[in-house]
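Peer 1: Take a look and give me a structure for this.
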Amino acid sequence: MTRYAGRRAVVVGQDTGIGLAIAKRLVEGGARVLLTARTAAESAHARAELGSAARVVESPDGSFGAAPADLDGPDLLFADAVATARPLLRLLRDGGAVVLTAPAPSPAAVRALAGELAPRGIRVNAVAPGCIEAAPAVASPLPPLGRLGSAEEVARAALFLATEATFTTGAQLPVDGGLGPT
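Peer 2: Presented below is the predicted three-dimensional model:
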């Protein structure tokens, strides 16, 4: 599959399986990917899952702080929050996309960043995951769909916003099984 061939993506700030799920789909589609992992164990797991098609960088806080010197103009950026994405924005190619993936991204922050980057043709959107399966079992009420969602489902929504929704910016897409705002 070459859906994402020629694309360069950075996935930062993730502390759940969502970042790895995004990276896996990108790699499967032919993209070059740089992913952060918070621990040595997460880093080893990500390397095993992604193989040599992705570069995994260990970062205890899930960010780069300062962008790596060899990071070469990504056109897709997936980050948990605006603060995590901000150090990488200057490197992002014009016409690219940013997708925020935190469970409750501030709609005002998403719109503000979208307005800031619009002159460069960079779209900014967010997925708002809720009721997603996580490694440590946390008791939570089931959403109206009657099941927990998966990191893979959040990844598909994030990739849709990054690569298919080309006339959408400043939007937030709930991926929560119909739970809606609480």
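
Peer 1: When you work out contacts or count neighbours from here on, use the C-alpha atoms and nothing else.
Peer 2: Noted.

Peer 1: mind checking the end-to-end distance for stretch 147-156?
Peer 2: 18 Å (C-alpha to C-alpha, to the nearest Å).

Peer 1: next one: it to chain centre, how far?
Peer 2: 13 Å (C-alpha atoms, centre = their mean, to the nearest Å).

Peer 1: same thing with stretch 72-89?
Peer 2: 9 Å.

Peer 1: Need the residues that contact that stretch.
Peer 2: Residues from elsewhere that reach stretch 72-89 (C-alpha atoms under 8 Å, 6 or more residues apart in numbering): 7-14, 19, 63-67, 91-102, 105, 109-110, 113, 162.

Peer 1: Drop anything exposed from the residues you listed.
Peer 2: Buried residues within the contacts of stretch 72-89, counting neighbours by 16 or more other C-alpha atoms under 10 Å: 7-14, 19, 63-64, 92-94, 96-102, 105, 110, 113, 162.

Peer 1: So what sits opposite the residue sitting nearest the centre point of the chain in the bridge?
Peer 2: The residue lying closest to the centre of the chain (C-alpha atoms, centre = their mean) is residue 78, at 3.0 Å. Going by DSSP bridges, residue 78 is paired in beta bridges with residue 11, residue 99.
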